[in-house]
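Asks: Below are the sequence and a predicted model for it; my questions follow.
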Amino acid sequence: MKTHLFLFFLAVGVFSCKIPYSKKDVFEEKATLPKDEAPHFKNSLEWWYFTGHLKDESKGKTLGVEYVVFHFNPTNVKGGWMVNMAVSDPENEAFYYNHQFFPKKKREFMDLPLNFNWSKKQFNSSLKGQNGVYQIGAHFSADSISMALNTRAEKDVVLHDGVGYENYGNIAKAGYYSYPRLKTKGEINLNGEQFIVAGDLWYDRQWNCSGVFDRKVAWDWFAIQFEETQSELMLYRLYSLKDSTVIFGGTYTDSTNQSVFLDHHQINITETNYWVSADSEAKYPVEWEIEVEELNLQTNLKTLFPNQELELDFGPMTKFYYWEGMCKATGTIDGQEVLGNSYVEMTNRFRIKAPK
């Protein structure tokens, strides 16, 4: 599950002191497109999420991009939006990020195609489009960072679990589909320097995500785009902070867009190296060995640089941390050597303190 669970609690605290509302969250037996790309007014948490590696060939420069829109309505009143964006520069081990909250009018941005746009104190953001064709515009002034990107779907949409609703170990279900390979072109401005970039973004769309909040969980999420096989792998790992239960799941999609839906017993992930944040004291894995025996898939996954942690500061005693960043995969699929670009997200690791 691609999620920042702590943001939900933050949203409740910032916008209301009422008990979170989930009774009428959107739930169907199967996702319906394009209908489910639009915001769900009574949904307590949902998002539109883009990550990926983009390269300026002329300058030999690769940058990582994270762009996400959250919509939350925790008490079934009006709720709000949060826009989060980041750029990773592995060559210089530099990480830039920013976010903003925006209050929501009662039925704002409800129509398709998507036509999101916000502006606040030199923080500007827009997302337009649907069905794999999107235009992303973003600027945040603190570090003079901006992006203007256009995408088109290179492969068909993937409905996770076959129906677009992922079953998380029978703890909860949430609407979930992906465009795992969006051909992307555009420009990124980084501290006054312009890069003309191209590459593949990964797009995740999820909704109906309130069901796991009372479980006190941490999530790891892995997305890998393998080049030689033109295939993609999404994996997640849920940790129960209450009883240490661990649940795995995921989807593998081959070059012909045929998907294999993976359950807990088919996935083996071993953490082999760590980095401890000086800010949050969270102990993050930065290297993994991943094996999916059914697919004859083995891969080593490693971060391009460790410090890609985001700190969301909302005032005194109100800081939240998560890790989201660029990784590289090397391994084999059915005996064939493969390389891959990856993004990994780790949430709530700050609640698992590193040993002194």
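Replies: Here it is on my side, so go on.
Asks: Quick one: residues contacting residue 166.
Replies: Residue 166 sits next to 1, 160, 173-174, 176, 249 when contact means Cβ atoms under 8 Å, 6 or more residues apart in numbering. For the C-beta atoms, the positions are set from N, CA and C on the backbone; glycine is no exception.
Asks: Residue 31: which of these is nearest?
Replies: residue 176 (7.9 Å; Cβ to Cβ).
Asks: Can you get me a residue count around residue 196?
Replies: Residue 196 has 15 neighbours, counted by other Cβ atoms under 10 Å.
Asks: Just the buried positions in the helix or strand harbouring it, please.
Replies: Remark: residue 196 resides in strand 193-207, with elements defined by DSSP states H and E. Buried residues in strand 193-207, counted by 16 or more other Cβ atoms under 10 Å: 195, 197, 199-207.
Asks: by contact count, what packs against that strand?
Replies: Counting contacts by 3 or more Cβ pairs under 8 Å, 6 or more residues apart in numbering; DSSP states H and E, strand 193-207 packs against strand 45-56, strand 61-72, strand 145-153, strand 172-190, strand 217-226, strand 336-347.
Asks: Reformat those as CSV; add mean pLDDT and distance to residue 93.
Replies: Below are the helices and strands packed on strand 193-207 laid out as CSV (pLDDT from 0 to 100; distance: least, Cβ to Cβ, whole Å):
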stretch, mean pLDDT, distance to residue 93
strand 45-56, 96, 15
strand 61-72, 95, 12
strand 145-153, 96, 16
strand 172-190, 94, 14
strand 217-226, 92, 21
strand 336-347, 96, 16
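Asks: Redo those strands as CSV? Include distance to residue 137 and mean neighbour count.
Replies: Shown next, in CSV, are these (distance: least, Cβ to Cβ, whole Å; neighbours: other Cβ atoms under 10 Å):
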stretch, distance to residue 137, mean neighbour count
strand 45-56, 12, 23
strand 61-72, 10, 23
strand 145-153, 5, 19
strand 172-190, 9, 21
strand 217-226, 23, 23
strand 336-347, 21, 21
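Asks: Among the ones you listed, which comes closest to residue 138?
Replies: Smallest distance to residue 138 across these (Cβ to Cβ): 5.1 Å, for strand 145-153.
Asks: Residue 255: how many residues sit nearby?
Replies: Neighbourhood size, residue 255 [other Cβ under 10 Å]: 12.
Asks: Assumed it was part of a strand.
Replies: No: counting by DSSP: H, G, I helix; E, B strand; the rest coil, residue 255 falls outside a strand, being coil.
Asks: Look up how far residue 135 lies from it.
Replies: Plainly put, residue 255 is 27 Å away from residue 135 if you go by Cβ to Cβ, to the nearest Å.
Asks: And residue 245, by the same measure?
Replies: With Cβ to Cβ as the criterion, residue 245 and residue 135 are 41 Å apart.
Asks: of the two, who's got more company?
Replies: Neighbours per residue, other Cβ under 10 Å: of residue 245 and residue 135, the larger number sits with residue 135, 16 against 13.
Asks: show me the contacts for the residue lying closest to that one once chain neighbours are set aside.
Replies: Computed as Cβ to Cβ, 6 or more residues apart in numbering, the closest residue to residue 135 that is not its neighbour in sequence is residue 128, at 4.6 Å. Listed by Cβ under 8 Å, 6+ apart, the contact partners of residue 128 are 113-116, 134-135.
Asks: do the same with residue 263
Replies: So residue 263 contacts 248-249 (Cβ under 8 Å, 6+ apart).
Asks: re earlier: now distance to residue 83 too, for the helices and strands packed on strand 193-207, in CSV please.
Replies: Output for the helices and strands packed on strand 193-207, formatted as CSV (distance: least, Cβ to Cβ, whole Å):
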stretch, distance to residue 83
strand 45-56, 10
strand 61-72, 6
strand 145-153, 12
strand 172-190, 17
strand 217-226, 19
strand 336-347, 17
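Asks: hang on, the earlier thing: can you tell me which of the contacts of residue 128 is nearest residue 341?
Replies: Within the contacts of residue 128, the smallest distance to residue 341 is 18.8 Å, found for residue 134 (Cβ to Cβ).
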